[in-house]
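**Student:** Got a predicted model here, sequence first, then my questions.
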Amino acid sequence: MDQATVQKIRNIGIVAHIDAGKTTTTERILFFTGMIHKLGEVHDGQAVMDFMKQEQERGITISSAAITAEWNHHQINVIDTPGHIDFTLEVERSLRVLDGIVMVFCAVGGVEPQSETVWHQADRHKVPRIAFVNKMDRVGADLFHTIEMMNEMLGANAVAFQVPIGEEENFEGIIDLVTMKATYYDGLQRVQKEIPENLLPKAKELHDQMIAALADYDETLMEKYLNEEAITTADIMHAARTAVLGICITPVFCGSAFKNKGVQLLLDAVVDYLPSPIDRGIVTGHDVDNPEVVISRRPSSNRPFSALAFKIINDPFVGQQTFIRVYSGEALAGSHVFNSTKGRRERVGRIMRIHAGDRKELTAIKAGDIAALIGLKSTTTGDTLCAENEPIILESIHYPETVLDLRVEPEKKADRDKLGMALNKIALEDPSFTAKFDDETEETVISGMGELHLEIIVDRLKTEHKVAVKVGEPAVAFRETVTSEFRHTYKYKKQSGGKGQFAHIEFRLEPNPGKGIEFVNHVVGGHIPKEYVPGVEKGFREAATNGLLAGFPMVDVKFTLIDGSHHEVDSSEMAFRICTVRALKEIIHRTGPKLLEPIMKVEVNTPDDYVGDVMSDIGRRRGKIDTLRRFRKGAQKLGGSVPLKEMFGYASTLRSLSSGRANFSMEFLKYEELPGSLAEVVIAERNEKK
């Protein structure tokens, strides 16, 4: 694959708030590119991209689906991502490997809470984007209000590249401000005409505004604009592409995916303005042995192979599929690659181009491509695959904190092992989900991003893995931490005839704000042999995972091993592990232990009549209102933070308060100390279960 071919690849994501029309837009893209020949609708459970049973039943996207299409001699790898906040990891890992995104906004709802979340995720990954304002045929649709919201709430520097012909139910076509042509629709056919006389003055005004905005990012265009020289369509497109690649502007397109209007023009924009792998440029990683050494890879098939695994799916027909994005080089079916993250060699059994639920076999995958590998044994999400003789480790994927716990147990005791295997498979696919067995209560605790997330997991256990389970009530995923430093010496000695056990450690436990769980070894002089230090670290991490105050995982704690001693015969790695766990249990109450609770960022859209009642209710829930702004005529948007513990049942309360007219969204914001009286109740309840 030469550079010209790589230049014709577009790795794009369709992302937005829930119900903005992402999956419908993607279905239309597949239809107009000839990948499907029958339109499937989300509300009928027939959408190609929503191929999971749970997606079809609920009419939402849960798992990001990848598919390849062709348009204007370009290969477009499309990923349709979920809009619900519980599945934010799906968006996060997709953004990590994409070159550009199409942000879909509802023309009525405008910028909604999850739109902001996704936008900021894209900012963090520096992903160029264009916007598609969908549902222009709906009552209340307003392109310019949406653009205004994008600029005010997202700082998007949004610029209209298209405007609608007709409004709401009279929406009949689109004016392209770049070519200054009008497109009308006759069924599935688009017909290009001249702009109607009555709309021409406004179109010219907006055309000039677009050129003025682009001139700031292109000297040639600026010169022509200032000198009042003729500006060609090619001039505008070149300037727009430069500005999009630099994430300087967001071109805004419009249409109605459901009514098949505007999708082909959107595909043209994807090809014209979004980056190829070459435009995104060199990818950097670091040396396997020395993280300080930076290694770069150019997006070329002639460079050493490097790729990132960003998703895993267990398919009942072909086994485990590992989705990868190739940054450089190529891999052949049947060849070996090196997992530099794990330090293991992997065999690529087969390579698949995924068409949502279907698949097409390939002989090779090259720079710029996205595909699935079959046969990898050790690779998990975030791992780097590369050439064994040219190793590199690419930046991994950020995992969000789980905030909700659920206790599950198999209905049949005989299914306990089957449950464990099923949960391990799901956790491998979804790193935002964890499962652990509580030895003291003999229950399995699963943790996720929210109620819907865990509901889907339980459903998958029953349908995919055939394990019937009984579930408890959802519980807040509290965390533990320490607030003061404490230095301690502990000696563990056990003699029971024959070889005994001996370990002696001196250590310091202290707060580690924002840096997670950290272990540091400062032992010198061989007082504790190197082979026993891992035992100390295992003991610390075990104690941190299981908690020392009330059994909740610990966060932001640093353990420094300072000194100690060992016995030539009786010491072992196991003895030092046991010694560390016991030492930590002995001193935990001297370190100012605290319980932390998840605080959620909450946004409520409510008619003006109910603002006071909504604010009062949030106050009763220990919440804080930070922002109050006009959402649309007659409605306001409240933004603030509320402890997750107080948000159970909120949907029903909000419906009651607002006569069903308000709605809300929430996402994890941070962990904060749980007030003393509430912490005592939580600890007491926890101890009762033990």
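**Tutor:** Thanks, I have the structure now.
**Student:** Poorly predicted segments of the stretch 251-400 of the chain, please.
**Tutor:** Within the stretch 251-400 of the chain, the stretches with pLDDT under 70 are 316, 354-358, 400.
**Student:** residue ranges of the strands in the stretch 101-250 of the chain, please?
**Tutor:** Applying DSSP state E, counting those that start in this stretch to the stretch 101-250 of the chain gives strands spanning 129-134, 158-160, 162-165, 173-176, 181-186, 189-193, 250-254.
**Student:** For the stretch 251-400 of the chain, which segments are assigned as strands?
**Tutor:** Under DSSP E, counting those that start in this stretch, the stretch 251-400 of the chain gives strands at 283-286, 294-297, 306-315, 319-328, 330-332, 336-339, 344-347, 350-355, 358-362, 364-366, 370-374, 384-386, 393-394.
**Student:** got the angle between the fourth one and strand 306-315?
**Tutor:** Per axes from the mean of the first three to the mean of the last three CA atoms, to 10 degrees, the angle that strand 319-328 makes with strand 306-315 is 160 degrees.
**Student:** Strand 319-328 pairs with which strands?
**Tutor:** strand 306-315 (antiparallel), strand 370-374 (antiparallel) (DSSP bridges).
**Student:** Dump those strands to a markdown table, plus mean neighbour count and distance to Leu332.
**Tutor:** In short, each C-beta sits where N, CA and C put it, glycine included. Output for these, formatted as a markdown table (neighbours: other CB atoms under 10 Å; distance: least, CB to CB, whole Å):
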| stretch | mean neighbour count | distance to Leu332 |
| --- | --- | --- |
| strand 306-315 | 23 | 13 |
| strand 370-374 | 24 | 11 |
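**Student:** For Arg28, find the nearest of those.
**Tutor:** Distance to Arg28, taken as CB to CB, is lowest for strand 370-374 among these, at 20.7 Å.
**Student:** Using PDB, list the CA coordinates for the closest one.
**Tutor:** This file holds the C-alpha atoms of strand 370-374, laid out as PDB (Å, rounded to 0.1, in the frame of the first residue of the first chain):
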ATOM      1  CA  ILE A 370      -8.700  -1.000  11.100                       C
ATOM      2  CA  ALA A 371      -9.600  -4.700  11.200                       C
ATOM      3  CA  ALA A 372     -10.000  -7.700  13.600                       C
ATOM      4  CA  LEU A 373      -7.400 -10.400  14.200                       C
ATOM      5  CA  ILE A 374      -8.400 -13.900  15.100                       C
END
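**Student:** which residues touch it?
**Tutor:** 11, 66, 68, 77, 79, 97, 313, 318-326, 331, 348-354, 359, 362, 365 (CB atoms under 8 Å, 6 or more residues apart in numbering).
**Student:** Relative to the whole chain's centre, how far out is it?
**Tutor:** How far strand 370-374 lies from its chain's middle: 19 Å, per CA atoms, centre = their mean, to the nearest Å.
**Student:** what angle do it and strand 358-362 make?
**Tutor:** Going by the same axes, to 10 degrees, strand 370-374 makes 80 degrees with strand 358-362.
**Student:** who touches Pro291 in this structure?
**Tutor:** With contact taken as CB under 8 Å, 6+ apart, Pro291 is in contact with Ile393.
**Student:** If I look at His527, what pLDDT would I see?
**Tutor:** pLDDT for His527: 90.
**Student:** Cys248: what's it in contact with?
**Tutor:** When the contact criterion is CB under 8 Å, 6+ apart, the partners of Cys248 are Asn157, Asp216, Tyr217.
**Student:** what residues does the helix or strand Thr444 falls within touch?
**Tutor:** Per DSSP states H and E, Thr444 falls inside strand 443-448. Strand 443-448 has contacts (CB under 8 Å, 6+ apart) with 86, 402-409, 419-420, 423, 432-438, 454, 457, 472, 477.
**Student:** So what angle separates the directions of whichever helix or strand Leu406 is part of and strand 443-448?
**Tutor:** In this assignment (DSSP H and E), Leu406 forms part of strand 404-410. Put simply, strand 404-410 runs at 140 degrees to strand 443-448, going by the same axes, to 10 degrees.
**Student:** which residues are contacting strand 404-410?
**Tutor:** Contacts of strand 404-410 (CB under 8 Å, 6+ apart): 416, 418-419, 441, 443-451, 453-454, 458, 461, 467-477, 644.
**Student:** In helices only, show me the residues you listed.
**Tutor:** Taking DSSP state H, the ones among those that sit in helices are Arg416, Lys418, Leu419, Glu451, His453, Leu454, Val458, Leu461.
**Student:** Please, where are all the strands along the stretch 501-650 of the chain?
**Tutor:** According to DSSP E, counting those that start in this stretch, the strands that the stretch 501-650 of the chain contains are 501-511, 517-521, 557-565, 594-607, 624-632, 635-643.
**Student:** okay, stretch 172-179 in CSV with CA atoms only?
**Tutor:** Below are the C-alpha coordinates for stretch 172-179, written out as CSV (Å, rounded to 0.1, in the frame of the first residue of the first chain):
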residue,chain,number,x,y,z
GLU,A,172,-37.0,20.0,1.3
GLY,A,173,-33.3,20.6,0.4
ILE,A,174,-29.9,22.0,1.3
ILE,A,175,-27.9,25.0,0.0
ASP,A,176,-24.2,24.3,-0.2
LEU,A,177,-22.4,27.5,0.8
VAL,A,178,-19.0,26.3,-0.7
THR,A,179,-20.3,25.5,-4.2
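**Student:** chain center to it: distance?
**Tutor:** Distance of stretch 172-179 from the chain centroid (CA atoms, centre = their mean) equals 34 Å.
**Student:** for it, which positions count as buried?
**Tutor:** Under the neighbour-count criterion of 16 or more other CB atoms under 10 Å, stretch 172-179 has Glu172, Gly173, Ile174, Ile175, Asp176, Leu177, Val178 buried.
**Student:** likewise stretch 212-223?
**Tutor:** Ala213, Leu214, Ala215, Tyr217, Asp218, Leu221, Met222.
**Student:** Can you spell out which residues form a bridge with Asp563?
**Tutor:** Under the criterion used (DSSP bridges), Asp563 bridges to Glu506.
**Student:** mind listing what it touches?
**Tutor:** Counting by CB under 8 Å, 6+ apart, Asp563 makes contact with Ile505, Glu506, Val523, His527, Ile528.
**Student:** Turn the buried ones among those into a named PyMOL selection, would you?
**Tutor:** Listed next is the PyMOL selection for buried residues among the contacts of Asp563, using 16+ other CB under 10 Å:
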select buried, resi 505+506+523+528
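**Student:** Just name the closest of the contacts of Asp563 to Val127, please.
**Tutor:** Val523 (44.8 Å).
**Student:** Pretty sure that closest one sits against Gly564.
**Tutor:** Yes: contact criterion CB atoms under 8 Å: Val523 and Gly564 qualify, at 6.7 Å.
**Student:** secondary structure class for Ile683?
**Tutor:** helix (DSSP: H, G, I helix; E, B strand; the rest coil).
**Student:** Check the burial of it by counting its neighbours.
**Tutor:** 19 (other CB atoms under 10 Å).
**Student:** Next: Met574.
**Tutor:** Met574: 14 neighbours (other CB under 10 Å).
**Student:** Just give the nearest non-adjacent residue to it, would you?
**Tutor:** Leaving aside its chain neighbours, Met574 sits nearest to Gly535 (6.5 Å; criterion: CB to CB, 6 or more residues apart in numbering).
**Student:** Go ahead and confirm that neighbour touches Ser572.
**Tutor:** Yes: here Gly535 reaches Ser572: they are 7.4 Å apart, a contact under CB under 8 Å.
**Student:** Of the two, give the one with the bigger neighbour count.
**Tutor:** A count of neighbours by other CB under 10 Å puts Gly535 above the other of Gly535 and Ser572, at 22 against 18.
**Student:** tell me which residues of the helix or strand Ile426 falls within are tucked away?
**Tutor:** Secondary structure assignment for Ile426, by DSSP H and E: helix 416-429. Going by neighbour count (16+ other CB under 10 Å), the buried part of helix 416-429 is Leu419, Ala422, Leu423, Lys425, Ile426, Ala427, Leu428, Glu429.
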